[in-house]
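A.B. asks: when you get a sec, could you give me coordinates for this:
(chains A and B)
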Amino acid sequence: KAGVTQTPRYLIKTRGQQVTLSCSPISGHRSVSWYQQTPGQGLQFLFEYFSETQRNKGNFPGRFSGRQFSNSRSEMNVSTLELGDSALYLCASGQGGGYTFGSGTRLTVV
Amino acid sequence: AQTVTQSQPEMSVQEAETVTLSCTYDTSESDYYLFWYKQPPSRQMILVIRQEAYKQQNATENRFSVNFQKAAKSFSLKISDSQLGDAAMYFCAYRSPVSYEKLTFGTGTRLTIIP
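C.D. replies: Numbering: from 1, shown residues only, chains lettered A, B, ... in the order given. Model prediction:
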């Protein structure tokens, strides 16, 4: 079966812009989680969606938001980008203790 | 809040030898999941092994096994017969039963395989 698909793989944005990242989970998986990975802070949980509802949220400013569609695909949005938002953004699908990650979106803010 | 600590930023091992990566965690919960994930340069996080806290038996997956010491809150990963393809960042992660699907990760251990 197809894995978790994240698009785009790479993105370069200018400070102050906004960006939308997409994650398509494994077919049948209703939960999608997002993580930010940076050299300084490591892997940090952003939020988790299940059946179009946000069930959990990490400690990130309101500039970070997300949503999930009825087909379980999820998007995350970062508004008013800052240099510190440069990171690898990973999404994971699955629940109950088994998670599959996508290859991530590398966001560079210049 | 739970924390996960990986005290070895880097480890190296000769090909075909055995290496053990350390992980400790802090929690007041009695039922939880623990994971080891591998992240090669391709960036994708790959599940290596999973342990459910209520199971006393240590999980094993081929050359990978864990030493789960619940009282000591320790969850180490042993890689036997190390192969060049094992070179990667290894992350230990914790999942609470009350935080839905949120994983709390350690800072990772970079494993180098010496031919």
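A.B. asks: what sits against residue A:76?
C.D. replies: By C-beta atoms under 8 Å, 6 or more residues apart in numbering or on different chains, the residues touching residue A:76 are A:20, A:21, A:23, A:34, A:46, A:47, A:64, A:65, A:66, A:89, A:91. From N, CA and C alone the C-beta is placed, and that goes for glycine too.
A.B. asks: filter these down to the buried ones.
C.D. replies: Buried by 16 or more other C-beta atoms under 10 Å in any protein chain shown: A:21, A:23, A:34, A:46, A:47, A:64, A:65, A:66, A:89, A:91, out of these.
A.B. asks: ok, so of those, who is nearest residue B:100?
C.D. replies: residue A:47 (10.3 Å; C-beta to C-beta).
A.B. asks: want to try CSV for the buried ones among the contacts of residue A:76, with pLDDT and distance to residue B:73 as columns?
C.D. replies: As requested, the buried ones among the contacts of residue A:76 are exported to CSV (pLDDT from 0 to 100; distance: C-beta to C-beta, whole Å):
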residue, pLDDT, distance to residue B:73
A:21, 98, 35
A:23, 98, 32
A:34, 98, 27
A:46, 98, 26
A:47, 95, 27
A:64, 98, 31
A:65, 97, 35
A:66, 97, 32
A:89, 98, 30
A:91, 97, 29
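A.B. asks: quick revisit: go through the contacts of residue A:76 and name the one nearest chain B.
C.D. replies: Set against chain B, the nearest of the contacts of residue A:76 by C-beta to the nearest C-beta is residue A:47 (8.9 Å).
A.B. asks: how about that closest one, secondary structure?
C.D. replies: strand (DSSP: H, G, I helix; E, B strand; the rest coil).
A.B. asks: my guess is it contacts residue A:62. True?
C.D. replies: No - taking contacts as C-beta atoms under 8 Å, residue A:47 lies outside contact range of residue A:62: 11.7 Å.
A.B. asks: which residues in chain B form helices?
C.D. replies: For chain B, helices defined by DSSP state H do not occur.
A.B. asks: not counting sequence-adjacent ones, nearest residue to the residue nearest in space to the middle of chain B?
C.D. replies: Per C-alpha atoms, centre = their mean, the C-alpha nearest to the average position across chain B is that of residue B:36, at 3.2 Å. Among residues not flanking residue B:36 along the chain, residue B:48 sits closest, at 4.3 Å (C-beta to C-beta, 6 or more residues apart in numbering or on different chains).
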